[in-house]
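K.L.:
Need coordinates for the following:
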Amino acid sequence: MVQAGGNHAESKRVLLTDMQRQELKRISRSGKGSARRTVRARILLKSDIGETDQEIAEALDVGVATVERIRRKFAAGGMEAAIESRPQPPRPAKRRLDGEGEAKLVMLACSRPPTNTDIGRWTCWPTGW
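P.N.:
Numbers count the residues shown, from 1 in each chain. From the prediction side, this is the model:
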């Protein structure tokens, strides 16, 4: 449950059930979850005891916008929505080389080094890198 704060600058206060509070304390103390998840749990716990966004942000070294966002997520979707990260959509693999470039790279990698005696080492010399 979320209550409206006294002034406009203060975000809504989070009211946790005893069960939610216990679970968030467990998450924040276990040290096994991600750092983001731990910080989000601490944000909700501090909000539950009535701390302002600014106080929470300073105590946890996060931005005020982060505190506001976690409270909004809690109000909209509950505890899990507030502390869990949304899964990222799959990203297509980026090709660095086209077919011609890949063929040239394979040819260079499989070839013998140049026999020119003026070259001390053969490191990416043929490609001009």
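K.L.:
which stretches of this structure aren't confidently modelled?
P.N.:
1-12, 114-129 (pLDDT under 70).
K.L.:
ranges for the strands of it?
P.N.:
Using DSSP state E, the strands found in the chain span residues 2-3, 13-14.
K.L.:
Buried residues of the lengthiest helix in the chain, list them for me.
P.N.:
Counting by DSSP state H, the longest helix found in the chain is helix 64-83. Judged by neighbour count using 16 or more other C-beta atoms under 10 Å, the buried positions of helix 64-83 are 64, 66-71, 73-75, 79, 82-83. Where C-beta positions appear, they are placed from N, C-alpha and C, glycine not excepted.
K.L.:
Adding distance to residue 58, write the residues you listed out as CSV.
P.N.:
Listed next are these as CSV, based on distance: C-beta to C-beta, whole Å:
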residue, distance to residue 58
64, 9
66, 12
67, 10
68, 14
69, 17
70, 15
71, 16
73, 21
74, 20
75, 22
79, 23
82, 20
83, 21
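K.L.:
what does the longest helix of the chain rub up against?
P.N.:
Counting contacts by C-beta atoms under 8 Å, 6 or more residues apart in numbering, the residues outside helix 64-83 that touch it are 2, 11-12, 14, 16, 20, 23-24, 27, 37, 40-41, 43-44, 47, 53-54, 56-57.
K.L.:
Let's check: the centremost residue of the protein is which one?
P.N.:
When C-alpha atoms, centre = their mean is applied to the chain, the residue found nearest the centroid is residue 36 (7.0 Å).
K.L.:
list the contacts for that one?
P.N.:
Shown in contact with residue 36 (C-beta under 8 Å, 6+ apart): residue 85.
K.L.:
and the two most separated of the buried residues of helix 64-83?
P.N.:
The span of the buried residues of helix 64-83, defined through C-beta to C-beta, is set by 64 and 79 at 21.0 Å.
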